[in-house]
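Chemist: Need a 3D model of the sequence below.
(one chain, ligands or ions: 1)
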Amino acid sequence: MTEQTSTKTPQSSNDKFPAFHITGGKGWINDPNGLVYYNGEYHVFFQYHPYGTTWGPMHWGHVVSTDLTNWKRLPIALTPGGEGDKDGCFSGSAICAFGKLFIMYTGFEENGGGEKVRQVQCLAESDDGVNFKKHGVVIGSDDLPEGFMPCDFRDPYVFCHEGKFYCLVAAKKKEGRGRVLLYRSADLFKWEFLSDTLGFDSDGIMFECPDFIEELGLLTVCDQLQPSGKNDCLNVHSARYFLGKMDFETGKFTIKKQGILDYGFDYYAPQSFAESSKNTIMGWLNMWDRNVPSSKYGFAGMLTAAREIRIENGDIFQTPVLKTKQVLHTLVDCKISDRAIIGVIVIEADALESCEIKLREDESHLTSIKLVDGYWVFDRFKSGEIITGAEKDELSLSGIRKMKKSSYEKTTITLILDKYSVEFFEGGKVMSSTIYPPENADKVEVCVKAKKCAYTRYDIAE
Ligand code: FRU
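Modeler: Numbers count the residues shown, from 1 in each chain. Modelled structure (predicted):
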């Protein structure tokens, strides 16, 4: 696997790969893990199966960046085979403590499957941010409260509050629903159970990948296999957010507002950067149960662009973080035609009445986003190679996702385009989806009716 130690950006190693979204090079990736700003660089680890384009024994892949845009690949950080993680190093998080970088992750052992599976929380440390020494299990099956299953206990999110360490871990009750448990520690090695922090069940069969940004009062967690349409979401697995307040004495989180983080087809397992001054998150730009057409090029899965989160008037706003350079700026009178596969497009409109954005178009392909009855309607039905999934409702089967338009007088739309993805931002909300059009489908057309409208296109900057 020469890619592992390549100093090239992950994106440039193969022209079939996304231009700037993080992949694992060859192989399969899912969740972003251990996001942290350490020694002057943003570190992104991710669930990685280097030896195939489907999920397999999980390693932690690793890339770094100084600008959250151009990434350099580093060697695999965690390989299964240690105490508690014989069959996989599952998702987890990072924290800087005692002058070092620590990782908490889930060790996975199959033991014949079903209820014999063991998932435990392990610790590893690094002096240089590249090589990790494993310390083995620090939160084991015996640390689960009564009534929880040791086979579904995973994705530790570690953070610090007033000199103590806390760790959120997703767990499953014997009745078959998820909860988020909170643990506390003075040294990262010895942990005590503090609380069942949300105190209610997942809508689906399990919670996964909790995350917490204390400053924003933002707790996020994924809900696995939820009923279709629940929480404003047609995806069967979704990334939910809860805005509120953590009481560190009782370990209980009180909710003021909740919703989903992304309205697109392909978004899961978001995580925030530890130790960064920005409130920045990244997610997996894919979804469980999808076929992944890029597998024929040797890779499956990528991460979203970084997003900065802010809370205004009790609501959550996401904006992309990317280093770009402007290549085109023009006023739009009714319609503009352009060509683009990779880059960022910003459309700013005053008093917008109607809008239709056509992307990746040729004679027989089209990906579109249209304003219909106050909703942005994303349509990938004719985008290219067919993408299937576990969603069987009519809209999903027709390649449709919807997101409510903001009510602002001025509308600002940001589109992040890469070879196989569209991330659409408006009014602080976002819709992310994969698409697999042919390489030559590059036409862009924007039709608007507004008092005034400007179109700006940016390239990704090195
Ligand atoms: C979420 C998830 C995590 C688990 C990991 C395994 O996508 O299922 O709960 O740790 O993926 O790869």
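Chemist: got the residues of the stretch 1-150 of the chain near the ligand?
Modeler: Proximity of the stretch 1-150 of the chain to the ligand is confined to N30, D31, Q47, M58, F90, S91, T106 under the rule C-beta under 6 Å from any ligand atom. Any C-beta I mention is one placed from the backbone N, CA and C, and that applies to glycine too.
Chemist: Next one: the spatially most central residue of the chain from P437, what distance?
Modeler: When C-alpha atoms, centre = their mean is applied to the chain, the residue found nearest the centroid is G283 (0.8 Å). Here G283 is placed at a distance of 22 Å from P437 (C-beta to C-beta, to the nearest Å).
Chemist: What number of residues are in the vicinity of the residue in the stretch 301-450 of the chain that the ligand sits nearest to?
Modeler: At 10.4 Å from the ligand, G301 is the closest residue in the stretch 301-450 of the chain, using C-beta to the nearest ligand atom. Neighbour count for G301, taken as other C-beta atoms under 10 Å: 29.
Chemist: what pLDDT does the nearest residue to it once chain neighbours are set aside get?
Modeler: Nearest residue to G301 in three dimensions, chain neighbours excluded: I29, at 4.0 Å (C-beta to C-beta, 6 or more residues apart in numbering). We have a pLDDT of 98 for I29.
Chemist: And the one 4 residues further on, by the same measure?
Modeler: The predicted local confidence for N33 comes out at a pLDDT of 98.
Chemist: residues contacting it?
Modeler: Neighbour list for N33: F45, F46, Q47, W60, S91, G92, S93, A94, Y105, Q271 [criterion: C-beta atoms under 8 Å, 6 or more residues apart in numbering].
Chemist: secondary structure element for the fourth one?
Modeler: Same thing as W60. Assessed by DSSP states H and E, W60 sits inside strand 59-65.
Chemist: Show me how far that strand is from its chain's centre.
Modeler: 15 Å (C-alpha atoms, centre = their mean, to the nearest Å).
Chemist: Alpha carbons of it, as PDB, please.
Modeler: The C-alpha coordinates for strand 59-65 follow below in PDB (Å, rounded to 0.1, in the frame of the first residue of the first chain):
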ATOM      1  CA  HIS A  59      -8.300   0.600  10.900                       C
ATOM      2  CA  TRP A  60      -7.900   4.400  11.500                       C
ATOM      3  CA  GLY A  61      -6.700   6.200   8.400                       C
ATOM      4  CA  HIS A  62      -5.100   9.600   8.900                       C
ATOM      5  CA  VAL A  63      -4.700  12.800   7.000                       C
ATOM      6  CA  VAL A  64      -3.500  16.300   8.100                       C
ATOM      7  CA  SER A  65      -4.000  19.800   6.800                       C
END
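Chemist: So which elements touch that strand?
Modeler: With contacts defined as 3 or more C-beta pairs under 8 Å, 6 or more residues apart in numbering; DSSP states H and E, the packing partners of strand 59-65 are strand 27-38, strand 41-49, strand 72-78.
Chemist: Give me the mean pLDDT for the last one.
Modeler: Along strand 72-78, the predicted confidence averages to a pLDDT of 97.
Chemist: Pairing partners for it, with directions?
Modeler: Partners of strand 72-78 in the sheet, by DSSP bridges, are strand 59-65 (antiparallel).
Chemist: Now do the strand it pairs with: everything it contacts.
Modeler: Contacts to strand 59-65, defined as C-beta under 8 Å, 6+ apart, come from residues 10, 22, 24-25, 27, 29, 33-34, 41-50, 71-80, 89, 103, 105, 129-130.
Chemist: Closest approach to the ligand from the stretch 201-350 of the chain, which residue is it?
Modeler: Proximity of the stretch 201-350 of the chain to the ligand (C-beta to the nearest ligand atom) peaks at E208, 3.6 Å away.
Chemist: Bridging across strands, which residues link to that residue?
Modeler: As for beta bridges, E208 partners with C222 under DSSP bridges.
Chemist: burial count for it?
Modeler: Neighbours around E208, by other C-beta under 10 Å: 24.
Chemist: That one touches K172, doesn't it?
Modeler: No. Using C-beta atoms under 8 Å, E208 makes no contact with K172, being 10.1 Å away.
Chemist: Give the residues shared as contacts by the two.
Modeler: Common neighbours of E208 and K172 are listed as G178 (criterion: C-beta under 8 Å, 6+ apart).
Chemist: Let me know the pLDDT of N231.
Modeler: 76.
Chemist: Spit out the contact partners of the residue lying closest to it once chain neighbours are set aside.
Modeler: Nearest residue to N231, sequence neighbours excluded (C-beta to C-beta, 6+ apart): I260, at 5.6 Å. Contact partners of I260, counting by C-beta under 8 Å, 6+ apart, are N231, D232, C233, S238, A239, R240, Y241.
Chemist: Adding secondary structure and neighbour count as columns, could you present the residues you listed in CSV?
Modeler: As requested, the contacts of I260 are exported to CSV (DSSP: H, G, I helix; E, B strand; the rest coil; neighbours: other C-beta atoms under 10 Å):
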residue, secondary structure, neighbour count
N231, helix, 14
D232, helix, 14
C233, coil, 23
S238, strand, 24
A239, strand, 23
R240, strand, 21
Y241, strand, 21
